[in-house]
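[1] sharing a model that was predicted from the sequence below.
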Amino acid sequence: MGNVASGVKIRRRLVPEVEDRLTRPRRLVRELPDLDAGRLHRLIRGGDLAPCFDAADDAGDGRAEECPICFYFYPSLNRSKCCGKGICTECFLQLMPSKTSQAVHCRFCKIKSYAIEYRGAHTTRQKKIKQEGEQQVSETKLRLRSKSQIAGEVFLP
């Protein structure tokens, strides 16, 4: 009776169809004895985890993102919830704790409880912002390096 609000629409996330082969990891470095293939399949199909894309050695058309763990390029990556860094699904699976190990810290910001989410591919605007940020960091490093070299020359006898 009063439990249903009229006129309220439920938004569902549009998840693109994922090929069945992209729901199975193919490049695992170590055997994962407690990997639940059915759960992995559901997480990828549901859009909660990035598909196990085919890895590329280079960025190709410039749209691919590099996984900072394996250094392969993918159409899109999972994002760590704490710091937003990207990671491919297969590297994530290898970093996650087994039933016998302890919790995993984020490899990037070292926060104690590591978790990821899949947001899909970066937009062109997001890629531009990231590129500009990286450019600013490299320019700052160069300025600091040149200042320290000048300071070193001044103070050395």
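    That came through fine.
[2] quick one, strands of the protein?
    With DSSP state E as the criterion, the chain has strands at 65-66, 73-74, 78-80, 86-87, 116-118.
[3] how's the protein carved up into domains?
    Domain segmentation of the chain under automatic domain parsing yields 20-120, 123-151.
[4] would you turn the strands of the chain into JSON lines with mean neighbour count?
    Quick note: C-beta positions are derived from backbone N, CA and C, even for glycine. Formatted as JSON lines, the strands of the chain follow (neighbours: other Cβ atoms under 10 Å):
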{"stretch": "strand 65-66", "mean neighbour count": "17"}
{"stretch": "strand 73-74", "mean neighbour count": "22"}
{"stretch": "strand 78-80", "mean neighbour count": "20"}
{"stretch": "strand 86-87", "mean neighbour count": "23"}
{"stretch": "strand 116-118", "mean neighbour count": "18"}
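[5] quick one, what contacts the nearest residue to residue 24 once chain neighbours are set aside?
    Among residues not flanking residue 24 along the chain, residue 52 sits closest, at 6.3 Å (Cβ to Cβ, 6 or more residues apart in numbering). When contacts are counted by Cβ atoms under 8 Å, 6 or more residues apart in numbering, residue 52 touches 22, 23, 24, 25, 26, 44, 88, 89, 90.
[6] can you give me the distance of residue 52 to residue 35?
    12 Å (Cβ to Cβ, to the nearest Å).
[7] what's the answer for residue 67, then?
    19 Å.
[8] these two: who's more crowded?
    residue 67 (22 against 14; other Cβ atoms under 10 Å).
[9] just give the nearest non-adjacent residue to that one, would you?
    residue 88 (4.1 Å).
[10] so what's the spatially closest residue to residue 58 that is not a sequence neighbour up against?
    Leaving aside its sequence neighbours, residue 58 sits nearest to residue 73 (Cβ to Cβ, 6+ apart; 6.4 Å). When contacts are counted by Cβ under 8 Å, 6+ apart, residue 73 touches 55, 56, 57, 58, 59, 60, 64, 65, 66, 67.
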